[in-house]
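# need a structure here:
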Amino acid sequence: MLGDLAASILGPIADKVLGKSLRASRVSVELIGDPPYGRLANYFFPGVSHPSDLEYGLYASGPRDAYGIPYRRWVNANGGVPLHMTAFQLVIQCVGDHNVMLVGGHAITTVLGDLRGVAVVHPSGGPIDSDRLEINLEDGELLCFPYRAPFEPSEPIPLQYQIEPSRSQSFDVYASVGSQALSWYLELDFLVDGKRITKTVTQSKEAPFVTVPFGHPGIEAEFHQTETGWERI
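Below is the predicted model of the structure:
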């Protein structure tokens with residue numbers, strides 16, 4: 001009797017949980033790129049008062065390209081996080097012969113309190129070359145914009161993307177912060193074979209993203225790199 005009762009209660013729950021897990025496996029969401037995920041070469045380093053205090057010193061010779069792999073690895077090794085904007089590419093794929101549609105999303109944020117350190121800044125630029133998702137981290141709102149030529153204005157469009165079976169859709173994601181330093185992660189909403197599921201996007205090992213505003217009061221000084229060393233701005 002008790003076994004039948006347990007089965008009658010747990011059966012629908014198990015079906016719901018397992019069914020949701022199965023549907024989630026029909027969508028692959030892959031983050032492309034390497035930390036620190038900054039589109040612009042401007043970074044915040046917590047816990048130091050000068051770039052020379054960082055544990056991993058900047059390479060003494062070799063390229064000084066702030067957008068190059070050696071520089072970004074140096075930033076990441078020292079715990080640097082993007083100033084103003086975090087950027088990465090998402091590739092969404094429908095796994096197998098299923099009906100998958102991306103229908104929405106939003107960011108879940110946490111305010112970072114006593115955060116102090118220095119900023120390292122460089123000239124910034126570069127075009128946007130695909131459909132993009134823009135996130136306002138102040139309220140978590142996510143908007144979708146179609147690709148446009150550089151500097152050509154565009155309006156947001158409904159986030160309604162059908163992901164064809166065994167095909168993929170890529171997006172450039174740009175998350176900008178307002179007045180507060182935030183840690184955050186992204187939730188994307190899908191319809192999979194008519195059922196709604198949510199997929200979470202974080203950095204590797206489920207670590208949240210961190211984005212710090214230019215005007216953050218914890219920035220004690222700003223520096224840029226010259227041929228002779230670090231120069232305070």
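
# wait, isn't Glu231 in contact with Phe223?
Yes. The pair Glu231 / Phe223 is scored as a contact, 6.4 Å apart, by C-beta atoms under 8 Å. To be clear about C-beta, it is placed using only N, CA and C from the backbone, and glycine gets the same treatment.

# who's more crowded, the two?
With neighbours defined as other C-beta atoms under 10 Å, Glu231 and Phe223 compare such that Phe223 has more, 18 against 11.

# Can you show me the helices along this protein?
2-24, 69-77 (DSSP state H).

# Where among the ones you listed is average confidence lowest?
In terms of average pLDDT, helix 2-24 trails the rest of the helices of the chain, at a mean of 56.

# Across the sheet, point out what pairs with the closest residue to Asn42 other than its chain neighbours.
Excluding its sequence neighbours, the residue lying closest to Asn42 (C-beta to C-beta, 6 or more residues apart in numbering) is Leu83, at 4.1 Å. For Leu83, the beta-bridge partners are Val212 (DSSP bridges).

# what does Glu134 give?
Bridge pairing for Glu134 (DSSP bridges) gives the partners Leu143, Tyr174.

# From what I see, it and Leu186 are in contact.
No. Using C-beta under 8 Å, Glu134 is not in contact with Leu186; the gap is 11.8 Å.

# more neighbours, these two?
Between Glu134 and Leu186, counted using other C-beta under 10 Å, the more crowded position is Leu186 (25 against 17).

# ok, now how distant is that one from Gly80?
Per C-beta to C-beta, to the nearest Å, Leu186 is found 21 Å from Gly80.

# just Val103 next, same as before
Here the criterion is C-beta to C-beta. By it, Val103 lies 35 Å from Gly80.

# before we move on, what about Ser168?
In this view, Ser168 and Gly80 are 30 Å apart by C-beta to C-beta.

# Equivalent analysis for Cys144, please.
Cys144 is 29 Å from Gly80, by C-beta to C-beta.

# So the two - more neighbours on which side?
Gly80 (26 against 18).

# got the contact list for the more buried one?
Contacts of Gly80 were listed using C-beta atoms under 8 Å, 6 or more residues apart in numbering, and they are 36, 43-45, 120.

# Which single one of these is nearest to Leu191?
Pro36 (33.0 Å; C-beta to C-beta).
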